[in-house]
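> pasting the sequence and the predicted coordinates here, then a few questions.
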Amino acid sequence: MSILENLNPQQQEAVQCTEGPLLILAGAGSGKTRVLTHRIAYLIYEKKVYPGNILAITFTNKAAQEMQERLEKLVGSAAERLWVATFHSTCLRILRWEIKELGYTSDFVIYDEQDQQTLLKSILKEMNLDENKYTPRSISARISGYKNELKTPDAALREIGNSYYDHQVINIYEEYQKRLKKNNALDFDDLIMLTVKLFKEKPEVLAEYQERFKYILVDEYQDTNTAQYMLINLLAAKHKNLCVVGDDDQSIYQWRGADIRNILSFEEDYPEAKVIKLEQNYRSTKNILGAANEVVKNNTRRKAKTLWTEKEGGDKIHYYTAQDEVDEALFIVRTVRQIREEENKDYKDFAVLCRTTGQFRAIEESLIRANIPYRVFGGTKFYDRKEIKDILAYLRVIANPFDEVSLKRIINTPKRGIGETSWDKLVKYANTNGKTIYDCMAEPEAAGIGAKTAAAVKAFRKQMEGFKELSNSNITFLTTKILEDTGYRQELELEKTIEAETRLENLQEFLTVTKRYDAESQGGDLAAFLAEISLMTDIDNYDSDEDAMVIMTMHGAKGLEFPVVFITGMEENLFPHSRSIASNDPEEIEEERRLCYVALTRAKEKAFLTRAWRRSIFGRDSFNKESRFIGEIPEKYLENPLKREKAAFSGSLLSGAPSSVSRASSSCSFYVGDKVTHVKWGQGVVVSVKGTGEDAEISVAFPDQGIKKLIAKYAPLKKVTN
DNA sequence: AAAACGCCGGTTTTT
DNA sequence: CCGGCGTTTT
């Protein structure tokens, strides 16, 4: 049986145990993707399961893509019939078929974060709410939280107290939801929530999909939220052939609503469940794995397990304290060059992991200067660029004229003399007369718009109607026509700036995307194209054969592995992040620690931890202590422990500084982590120090007051000595 | 209506 | 260091 070759006994068992619920607790690097793919191959070849009856759900596009590729190698063309997809794209596909049951039409558009905010802002404006008090950002986070828990506005209302603010949030949520529906739009969370709603309200539809997906596999189960959990369990309820794979130590999305209980209580949900543990790590050397294990041991809430490896010790973990972020980047450049020379490695064998995307820039700059090829994942995405969003907005309105967010975006882009005031008039008129904005644009005078602007509005609408006629032709043609006829391209060409040039290039790049789509699907389903695009990330265009270094966030790196890994920014307030420190919630620090575990276990042969003594954040210098996670790695795994800073907080700032930097005031110094008392606000913790000496700006987290910024020489602060 | 300027304000991680 | 936003100017 070739499928079982090269698998260890536990892996073999996991592959063969195909019937009934199965929980695979798979430590980092224990070959879980291998198990999943081989299990699918086993189902197809040994159990003669039709590939179309298998659903494999992953968390990210990247993971789905990788699994699909591996399956193609394993089962050949049968892989085409399999459903290998993320939660979101699975739901998208289902909803494209079934959403009419819920009163939407199948040409719905998907709103991204930015679109949501635009809609929320316009709602706040209409409700006369202060944008500073009800920030779109926090409101959308709240709404997302409710949706992840499958809570409708009504349900949310039932469980809150009598806080006025909370009630308003729910009012906004309710209005937001109404507007989405009116616009025939869904946000990311709706994709999941509405699919669950569909299944709950239409048992006959659910039954159909239960029958279709006789075997379900879910990767990264520890990262599922309530809505996703419900979705899976509904789908699996009939056949109960549910195989979930996860690792509680790698749960790093609780901030996004992931509920670790989903994996911890699987055995209660399915008492007949079989549990298999995979504890042998095939990825990392002993030193790397040992260090990672020791770090994560500091967490309290975890299933006990110990990963082990047969690999040799290998290098100890390297540790470098840089002067600043530029020096940190240069260290990476030097090291990459050296290792490439000595060990004949490719650029693609190296990865730089950062806690935040803001750290990317300094690293990128150094790599460019050093002529080292690299690819960035995360950060500003291709589809988030202004020019791409603009052209997409045109296409979206053509596919779905109810989409007010996109309509607003393009009605005066390029400039047509239709300003904010006219737009507001249209919206108001449409809302009071129960019409759609797009319809009102046929008779703008009725909305009280002056003759000149009215003519512009009508001309614009007429042009859009003309585009609509072409909506069934191929998308490349339509896109080109829009760019020409609206003068969008011309406007950029006339600008003759570098930025305009880049935008034109990006539009050209967009046309290669449409061409590919046109070639693959004969004859344009515009709505399908748009929906697909909205779930895409840059990763989908990633050519894994290209020899380039990788820069990404630690979150983005989950599930991947590299021979050499740089983990940067090992500083308090960056990693663990200041927000997790300030929250005073130990659980948040534990999540950061798991992230550290994930980051370390990406490395196969060498891991470099770096930190900067001084780092420019938002244009200001900040000085942070070494990350606590460094101290959690036992000396025996670290290469040069002597260079480590003393853990003590007592010395001056200089204690951790490289010798060439020698300016710092010793008077009235506060350090991150210091406990202080404030005359008015009581006890707090210093979460950041910017600048030095008496002018230093100190941020202090007070339990009840939040974070306050204070200037050292004025602040009535006293250190609390333990 | 649009450009130009200056001011806070806010900044984690992703589908 | 950006970018978004409100104010002022053209």
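Here it is on my side, so go on. Numbers count the residues shown, from 1 in each chain, chains lettered A, B, ... in the order given.
> just the residues contacting whichever strand or helix holds A:Arg593, thanks.
In this structure, A:Arg593 sits in helix A:586-600 according to DSSP states H and E. By C-beta atoms under 8 Å, 6 or more residues apart in numbering, the surrounding residues in contact with helix A:586-600 are A:28, A:249-252, A:254-255, A:288, A:291-292, A:295-296, A:298-301, A:317, A:353, A:355, A:554-555, A:557-558, A:565, A:567, A:575-577, A:579-581, A:607, A:629, A:632. Any C-beta I mention is one placed from the backbone N, CA and C, and that applies to glycine too.
> can you tell me which of those residues end up in helices?
A:Ile288, A:Ala291, A:Ala292, A:Val295, A:Val296, A:Arg579, A:Ser580, A:Ile581, A:Phe629 (DSSP state H).
> so among those residues, which ones count as buried?
A:Ile288, A:Ala291, A:Ala292, A:Val295, A:Val296, A:Ser580, A:Ile581, A:Phe629 (16 or more other C-beta atoms under 10 Å).
> export those residues to a markdown table and tack on pLDDT and distance to DNA strand B?
Listed next are those as a markdown table, based on pLDDT from 0 to 100; distance: C-beta to the nearest atom of the strand, whole Å:
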| residue | pLDDT | distance to DNA strand B |
| --- | --- | --- |
| A:Ile288 | 95 | 22 |
| A:Ala291 | 95 | 21 |
| A:Ala292 | 95 | 18 |
| A:Val295 | 95 | 17 |
| A:Val296 | 93 | 16 |
| A:Ser580 | 90 | 6 |
| A:Ile581 | 89 | 10 |
| A:Phe629 | 95 | 14 |
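> what ranges does the stretch 501-650 of chain A have for its strands?
A:549-553, A:562-567, A:603-612, A:614-617, A:620-623 (DSSP state E, counting those that start in this stretch).
> compare the ones you listed and give me the one nearest A:Ala63.
strand A:549-553 (13.6 Å; C-beta to C-beta).
> centre of the chain to that closest one, how far?
Here strand A:549-553 is found 14 Å from its chain centre; the criterion is C-alpha atoms, centre = their mean, to the nearest Å.
> kindly report the same for stretch A:497-505.
Counting by C-alpha atoms, centre = their mean, stretch A:497-505 is centred 28 Å from the centre of its parent chain.
> how about the residues of the stretch 51-200 of chain A by DNA strand C?
A:Lys121, A:Glu131 (C-beta under 7 Å from any atom of the strand).
> which residues of the stretch 51-200 of chain A lie near DNA strand B?
Counting by C-beta under 7 Å from any atom of the strand, the stretch 51-200 of chain A sits next to DNA strand B at A:59-62, A:86-89, A:112-113, A:132, A:135, A:137, A:188-189.
> now for the ones in helices among the contacts of helix A:586-600: which two are most distant?
A:Ile288 and A:Arg579, at 27.9 Å, using C-beta to C-beta across those.
> in JSON lines, list the buried ones among the ones in helices among the contacts of helix A:586-600 along with distance to A:Gln280.
Output for these, formatted as JSON lines (distance: C-beta to C-beta, whole Å):
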{"residue": "A:Ile288", "distance to A:Gln280": "15"}
{"residue": "A:Ala291", "distance to A:Gln280": "18"}
{"residue": "A:Ala292", "distance to A:Gln280": "15"}
{"residue": "A:Val295", "distance to A:Gln280": "20"}
{"residue": "A:Val296", "distance to A:Gln280": "17"}
{"residue": "A:Ser580", "distance to A:Gln280": "32"}
{"residue": "A:Ile581", "distance to A:Gln280": "35"}
{"residue": "A:Phe629", "distance to A:Gln280": "25"}
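> and which of these is nearest to A:Val336?
Sorting these by distance to A:Val336 puts A:Ile288 at the head of the list, at 18.1 Å, by C-beta to C-beta.
> was I right to think that closest one contacts A:Ala603?
Yes - applying C-beta atoms under 8 Å, one finds A:Ile288 in contact with A:Ala603, separated by 5.2 Å.
> adding distance to A:Glu267 and mean neighbour count, write the strands of the stretch 501-650 of chain A out as CSV.
Output for the strands of the stretch 501-650 of chain A, formatted as CSV (distance: least, C-beta to C-beta, whole Å; neighbours: other C-beta atoms under 10 Å):
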stretch, distance to A:Glu267, mean neighbour count
strand A:549-553, 33, 23
strand A:562-567, 34, 24
strand A:603-612, 32, 25
strand A:614-617, 44, 18
strand A:620-623, 46, 17
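> out of the ones you listed, which gets nearest to DNA strand B?
strand A:549-553 (3.8 Å; C-beta to the nearest atom of the strand).
> what packs against that closest one?
Contacts defined by 3 or more C-beta pairs under 8 Å, 6 or more residues apart in numbering; DSSP states H and E place strand A:549-553 against strand A:350-354, helix A:360-369, strand A:374-376.
> which parts of the longest one are buried?
The reference is to helix A:360-369. Buried-residue list, helix A:360-369, by 16+ other C-beta under 10 Å: A:Phe360, A:Ala362, A:Ile363, A:Glu364, A:Ser366, A:Leu367.
> report pLDDT for A:Ala447.
A:Ala447 is assigned 87 on the pLDDT scale.
> distance of the residue lying closest to it once chain neighbours are set aside from A:Ile437?
Spatially, and ignoring its direct neighbours in sequence, A:Ala447 is nearest to A:Tyr429 (3.6 Å; C-beta to C-beta, 6 or more residues apart in numbering). For A:Tyr429, the distance to A:Ile437 equals 9 Å [C-beta to C-beta, to the nearest Å].
> and what of A:Asn584?
Going from A:Asn584 to A:Ile437 by C-beta to C-beta gives 46 Å.
> which one of the two is surrounded by more residues?
The neighbour count for A:Asn584 versus A:Ile437, taken as other C-beta atoms under 10 Å, is higher for A:Ile437 (23 against 11).
> the more buried one and A:Leu407, how far apart?
In this view, A:Ile437 and A:Leu407 are 6 Å apart by C-beta to C-beta.
> below-threshold pLDDT in chain A: ranges please.
Scanning chain A for pLDDT under 70 picks out the ranges A:1, A:379-380, A:522-524, A:538-544, A:640-675, A:679-722.
> what do you get if the cut-off is 50, keeping everything else the same?
Low-confidence segments of chain A (pLDDT under 50): A:642-668, A:704, A:722.
> closest point of it to DNA strand C, which residue?
A:Gly619 (2.7 Å).
> now the helices: where do they sit in the stretch 101-250 of chain A?
Shown for the stretch 101-250 of chain A, the helices assigned by DSSP state H, counting those that start in this stretch span residues A:113-126, A:136-148, A:153-159, A:164-182, A:188-201, A:203-212, A:226-236.
> okay, angle between the fifth one and helix A:226-236 too, please.
Looking back up the chat, that one is helix A:188-201. 40 degrees (axes from the mean of the first three to the mean of the last three C-alpha atoms, to 10 degrees).
> helix A:188-201 vs helix A:164-182, what angle?
80 degrees.
> which strands or helices does helix A:188-201 pack on?
helix A:87-98, strand A:109-111, helix A:136-148, helix A:203-212, helix A:226-236.
> does whichever helix in chain A runs longest reach DNA strand C?
Using DSSP H, we find that the single longest helix of chain A is helix A:498-520. No - applying C-beta under 7 Å from any atom of the strand, one finds helix A:498-520 separated from DNA strand C by no less than 9.8 Å.
> picking up where we left off before, CSV for the helices and strands packed on strand A:549-553, including distance to A:Ser163?
Output for the helices and strands packed on strand A:549-553, formatted as CSV (distance: least, C-beta to C-beta, whole Å):
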stretch, distance to A:Ser163
strand A:350-354, 37
helix A:360-369, 39
strand A:374-376, 42
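> for A:Gly313, which of these is the nearest?
Of all these, it is strand A:350-354 that lies closest to A:Gly313, at 21.1 Å by C-beta to C-beta.
> go through stretch A:160-168 and flag the buried ones.
A:Gln168.
> cool, thanks, talk later.
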